[in-house]
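Asker: I'd like to go over a predicted model; first the sequence, then the structure.
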Amino acid sequence: MSRMTEWIGRILDASGWLAKASALLLVILVTANVLARYLFSTGNVGLQELEWHLISPIALLGMSYALHHGEHVRVDVFYEHMRPTVQAFVDMLTALLTLAIGVYLAWVAIPYVQASFSMGQGSPNPGGLPHRFLLKAFIPIGFGLLALQALGALFEAVATFRTARKGVHE
């Protein structure tokens with residue numbers, strides 16, 4: 001199981017790197033668009049749309065990365081006072097629920113992306129970005145990564161639960 005968990009961690013770290021790169025690109029792009037607008041009285045619709053499009057990889061790739069590294073928001077008021085076996089049990093339930101949600105949302109989003117691809121959907125704005133299906137593809141990818149992260153968390157919680165139960169019975 002530890003090999004599988006390491007492999008999942010590497011995938012999630014790569015997705016986190018892409019989310020971070022998208023965030024950096026967004027900052028650079030917004031700065032360039034603002035400077036172009038106010039210093040040169042010019043703008044590009046495609047670059048302005050790209051600003052909005054970059055939010056998708058930041059959020060959808062970043063959510064599983066943040067969860068993997070424990071940087072998500074959670075309320076530890078009760079959790080920190082639980083015994084290790086109860087904590088591991090809560091972690092298993094949470095991982096199972098997250099796994100189910102991630103798989104379901106990834107599955108439901110696939111036809112949405114396929115429809116966008118089949119109609120060749122692009123921006124309705126003149127000078128806007130084509131291939132909107134590429135942006136929409138982050139939905140099943142992001143939730144698939146969330147399911148993968150939940151699977152890794154489930155493996156870890158099961159291992160922790162087994163270790164904690166051994167300690168209780170010895």
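Answerer: All right, it came through fine.
Asker: any idea how far the closest residue to Ala32 other than its chain neighbours is from Gly102?
Answerer: The shortest distance from Ala32 to any non-neighbouring residue, by Cβ to Cβ, 6 or more residues apart in numbering, is to Leu47 (7.5 Å). Where C-beta positions appear, they are placed from N, C-alpha and C, glycine not excepted. Look at Leu47 and Gly102: by Cβ to Cβ, to the nearest Å, they are 32 Å apart.
Asker: Compare neighbour counts for the two and give me the winner.
Answerer: More neighbours surround Gly102 than the other of Leu47 and Gly102, with 23 against 15 (other Cβ atoms under 10 Å).
Asker: List phi and psi for that one.
Answerer: For Gly102, the backbone dihedrals (degrees, to the nearest 10) come out as phi -60, psi -50.
Asker: I'd like to know the phi and psi angles of Gly43, please.
Answerer: Backbone geometry at Gly43, expressed as degrees, to the nearest 10, gives phi -160, psi 170.
Asker: Could you count how many residues lie near it?
Answerer: A total of 13 residues lie near Gly43 under the criterion other Cβ under 10 Å.
Asker: got it, and Ser22?
Answerer: Ser22 is flanked by 21 other residues according to other Cβ under 10 Å.
Asker: Over to the one 3 residues further on?
Answerer: As a burial measure, the neighbour count of Leu25 was computed by other Cβ under 10 Å and equals 15.
Asker: these two touch, right, it and Ile55?
Answerer: No. Counting by Cβ atoms under 8 Å, Leu25 does not reach Ile55; the two are 11.2 Å apart.
Asker: what packs against the top helix by length along the chain?
Answerer: Ranked by residue count and defined by DSSP state H, the top helix of the chain is helix 2-40. Packing contacts for helix 2-40, counted by 3 or more Cβ pairs under 8 Å, 6 or more residues apart in numbering; DSSP states H and E, involve helix 45-53, helix 55-68, helix 138-169.
Asker: Point out the most buried one among those.
Answerer: Mean neighbour count (mean count of other Cβ atoms under 10 Å) peaks for helix 55-68 among those, with a mean of 20.
Asker: Other residues contacting that one?
Answerer: 9, 12-13, 15-16, 18-20, 22-23, 26, 72, 98, 135, 138-139, 141-143, 145-146, 148-149, 152-153 (Cβ atoms under 8 Å, 6 or more residues apart in numbering).
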